[in-house]
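> quick one: sequence plus predicted model below, questions after.
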Amino acid sequence: MSLKNRQKEAFDNAVETHYWHTLDDGRVQCDLCPRFCKLQEGQRGLCFVRANHQGRVVLTTWGRSSGFVIDPIEKKPLNHFLPGTPVLSFGTAGCNLACKFCQNWDISKSREMDTLMDAASPERLATTAKQLGCRSIAFTYNDPVIFHEYAIDVAKACRERDIKTVAVTAGYVCPEPRVEFYRYMDAANVDLKAFTERFYRQVTGSRLSPVLETLEYLKHDTDVWFEITTLLIPGENDSEAEITAMSQWVVEHLGPDVPMHFSVFHPDWKMMDKPSTPHQTVRRARQIALENGVHYAYVGNMHDADADSTWCHHCGDLLIGRDWYQLSDWQLDAYGRCLSCGKICPGVFDAEPGHWGARRQRVVMT
């Protein structure tokens, strides 16, 4: 099928969206994210998946995915949400940010509908997750904000089957759709890409303030469990001053119990000229966060069992041992309390940990 015919098919199967309005000049403005794309007939937004079709903004990727995989929940990364359990993970195509360092650029920057080879209804996804023993479904690899309607429909189907839903997101969304979206999410990992407007503007093509608003909304207006991840890029967002300011903001505005993850950058996409992050930089960022009052800080994309593990903030004992994505020690009671001192470890825990381990399993929908 030609590209033109594939694009026509995408429009024919598109789903009308909710957050848009018509401008005086006849264009339509998408109001889902702070980019506010203004679209002529047939034009797509920067995200690629939302477009002006017959004078309305439609989602062209409802029910279509770039693939389904079972991951350990720790890979999202979420260390305080159902540890050790498997999560059915999938993404679509496109993204509403323009990060030069994107680690999933083949999906998030895709402009070919051939990327979306797998299809599944929300009901089929939820049923498959249940059959495979997954405790949750994660919207990941690209930002679920841009497939807002599909993600919510999947989440509704999951709730009927006692399956949790996880959003792995950059948090770049407008207030009204933000409220609707998180009404249906159980957990999130928010990618706080840096703590300067310069970085957001020059490296991601977006703004920092809406992301901070999303984080504050999650903390103060929802029951969604969330954790924060920052990919540290040498010379861009890895200074001790910036990590200090970020950590202090988290403690002041979100509280000390929101886990922070600091991850190693690998050269990719349009940042091939940057070196990989030294492991010592990531360990130092974790230490800075702890010194500034963050109770739970972790490293990512590197091997460090101590920095991957969860330690009781009150007595210092090991609560959850981790080696990469493999759990070892489990020193929590059925209520999530430290077996040594009895203090609660914030998070969402089962009475016992899961045993999925580090496996990654491709799933083919039938």
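Yep, it's here. Numbers count the residues shown, from 1 in each chain.

> that's a strand at V211, yeah?
No - under the criterion used here (DSSP: H, G, I helix; E, B strand; the rest coil), V211 is helix, not part of a strand.

> domain parsing for this protein?
With domains defined by automatic domain parsing, the chain comprises 3-59, 66-355.

> which of these is buried the deepest?
Most buried of those by mean neighbour count (mean count of other Cβ atoms under 10 Å) is domain 66-355; its value is a mean of 19. All C-beta atoms are positioned from the backbone trio N, CA, C, and that covers glycine.

> ends of that one, how far apart?
From its first residue to its last, domain 66-355 covers 27 Å (Cα to Cα, to the nearest Å).

> can you check stretch 152-166 too?
So stretch 152-166: terminal residues 11 Å apart, Cα to Cα.

> likewise stretch 180-190?
Note: stretch 180-190 ends 17 Å apart using Cα to Cα.

> same deal with stretch 20-28?
Start-to-end, stretch 20-28 (Cα to Cα) is 7 Å.

> show the pLDDT at the most centrally placed residue in the chain.
The residue lying closest to the centre of the chain (Cα atoms, centre = their mean) is V168, at 1.2 Å. Note on V168: pLDDT of 98.

> what sits opposite it in the beta ladder?
N189 (DSSP bridges).

> just the strands in the stretch 151-300 of the chain please.
Using DSSP state E, counting those that start in this stretch, the strands of the stretch 151-300 of the chain run over residues 164-169, 187-191, 225-232, 260-264, 297-300.

> what does the last one contact?
Applying Cβ atoms under 8 Å, 6 or more residues apart in numbering, the set of residues contacting strand 297-300 from outside is 77, 79, 229, 259-264, 279, 282-283, 286-287, 289-290, 307-308.

> wait, isn't L59 in contact with W20?
No - L59 lies out of contact with W20 (Cβ atoms under 8 Å); the separation is 10.8 Å.

> where does K100 land on pLDDT?
Taking K100 on its own, its pLDDT is 89.

> so it is in which element?
If you go by DSSP states H and E, K100 is not part of any helix or strand.

> shaky segments in the stretch 251-366 of the chain?
Along the stretch 251-366 of the chain, no part satisfies pLDDT under 70.

> ramachandran coordinates for E74?
Main-chain torsions, E74, degrees, to the nearest 10: phi -60, psi -20.

> which one is it nearest to, not counting chain neighbours?
Nearest in space to E74, with sequence neighbours left out and distances taken as Cβ to Cβ, 6 or more residues apart in numbering, is Y325 at 4.8 Å.

> so what's the nearest residue to Y298 once chain neighbours are set aside up against?
Spatial nearest neighbour of Y298, excluding adjacent residues (Cβ to Cβ, 6+ apart): H261 at 4.8 Å. H261 is in contact with P77, N79, N189, E227, I228, T229, T230, A297, Y298, V299, G300, counting by Cβ under 8 Å, 6+ apart.

> and of those residues, the nearest to N52?
N189 (31.6 Å; Cβ to Cβ).

> how close does that closest one sit to G255?
17 Å (Cβ to Cβ, to the nearest Å).

> and D333, by the same measure?
23 Å.

> got it, and K75?
Noted for K75: a distance of 25 Å to G255, by Cβ to Cβ.

> which residues touch the residue nearest to E74?
P72, E74, K75, G357, A358.

> now W62
With Cβ under 8 Å, 6+ apart, W62 has these contacts: N13, A14, V15, F147, E149, Y150, D153.

> take these and keep only those in strands.
Under the assignment DSSP state E, the contacts of W62 contribute V15 to strands.

> would you format the contacts of W62 as CSV with pLDDT included?
Formatted as CSV, those follow (pLDDT from 0 to 100):
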residue, pLDDT
N13, 77
A14, 89
V15, 94
F147, 96
E149, 98
Y150, 97
D153, 98
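
> and of the contacts of W62, the nearest to T204?
Distance to T204 across the contacts of W62 (Cβ to Cβ) is lowest for F147, with 19.3 Å.

> with adjacent residues omitted, what lies nearest to that closest one?
In space, and not counting its chain neighbours, F147 is closest to T92: 4.9 Å by Cβ to Cβ, 6+ apart.

> and the contacts of H261 as CSV, adding distance to S239?
Formatted as CSV, the contacts of H261 follow (distance: Cβ to Cβ, whole Å):
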residue, distance to S239
P77, 23
N79, 25
N189, 23
E227, 23
I228, 18
T229, 18
T230, 12
A297, 17
Y298, 20
V299, 17
G300, 19
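
> which among those residues gets closest to R124?
N189 (24.9 Å).

> any idea how far F139 is from that closest one?
Distance from N189 to F139, by Cβ to Cβ: 11 Å.

> joint contacts of those two?
Applying Cβ under 8 Å, 6+ apart, one finds that N189 and F139 are jointly contacted by V166, A167, V168, T169.

> verify the contact between the last one and D191 for me.
Yes - contact status for T169 versus D191: in contact at 6.9 Å, counting by Cβ under 8 Å.

> find the nearest non-adjacent residue to Q248, please.
Of all residues not flanking Q248 in the chain, N292 sits nearest, at 5.2 Å (Cβ to Cβ, 6+ apart).

> ok, that neighbour to P256 distance?
Counting by Cβ to Cβ, the gap from N292 to P256 is 9 Å.

> same check on Y184?
Separation of Y184 from P256 (Cβ to Cβ): 28 Å.
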